[in-house]
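K.L.:
okay, structure incoming, though there's no sequence with it:
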């Protein structure tokens with residue numbers, strides 16, 4: 001009964017109307033979903049955790065994560081498309097790092113959520 005009363009409450013109707021007009025717009029929502037899709041791969045998240053510790057070349061990432069070079073290069077390309085990592089040329093090598101610390105904030109929050117005890 002309480003839920004029905006809340007829906008009829010003028011203040012609640014005002015909140016619903018406000019949400020309808022001010023929720024995230026479709027294009028922003030698509031970008032958010034694309035970011036979560038990118039984070040939906042174990043290899044990419046492992047790369048993010050490695051880069052959170054240090055700037056690394058593709059060769060170093062392959063050694064740290066025990067992956068082949070083509071896998072790492074492909075996953076880095078996808079991470080770059082979402083502006084999660086960036087590369088800086090250093091001689092013959094490109095060294096990768098996180099684009100900013102926001103990504104670790106997101107990953108750390110998700111990690112805290114999944115390890116939370118109810």
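P.N.:
Arrived safely. These figures come from a predicted structure and were not determined experimentally. Numbering: from 1, shown residues only.
K.L.:
and the strands in the protein, which stretches?
P.N.:
56-57, 85-90, 93-98 (DSSP state E).
K.L.:
what lies in contact with the first one?
P.N.:
Where contact means Cβ atoms under 8 Å, 6 or more residues apart in numbering, the residues beyond strand 56-57 that reach it are 50, 64, 90, 93-97. The way it works is simple: take the backbone N, C-alpha and C, and place the C-beta from them, glycine included.
K.L.:
in PyMOL, how would I select the buried members of those?
P.N.:
Applying 16 or more other Cβ atoms under 10 Å to the contacts of strand 56-57, the buried members can be selected in PyMOL as follows:
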select buried, resi 50+64+95+96
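K.L.:
enumerate every residue touching residue 68.
P.N.:
Contacts here follow Cβ under 8 Å, 6+ apart; on that basis residue 68 touches residue 62.
K.L.:
hang on, I meant residue 55
P.N.:
For residue 55, the contacting residues are 88, 95-97, taking Cβ under 8 Å, 6+ apart as the criterion.
K.L.:
what are the ranges of the helices in this protein?
P.N.:
Along the chain, the segments classed as helices by DSSP state H run 2-8, 10-22, 26-38, 42-53, 58-65, 69-81, 102-115.
K.L.:
mean pLDDT added to the ones you listed, as JSON lines?
P.N.:
Conversion of the helices of the chain to JSON lines gives the following (pLDDT from 0 to 100):
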{"stretch": "helix 2-8", "mean pLDDT": "59"}
{"stretch": "helix 10-22", "mean pLDDT": "85"}
{"stretch": "helix 26-38", "mean pLDDT": "91"}
{"stretch": "helix 42-53", "mean pLDDT": "97"}
{"stretch": "helix 58-65", "mean pLDDT": "98"}
{"stretch": "helix 69-81", "mean pLDDT": "97"}
{"stretch": "helix 102-115", "mean pLDDT": "93"}
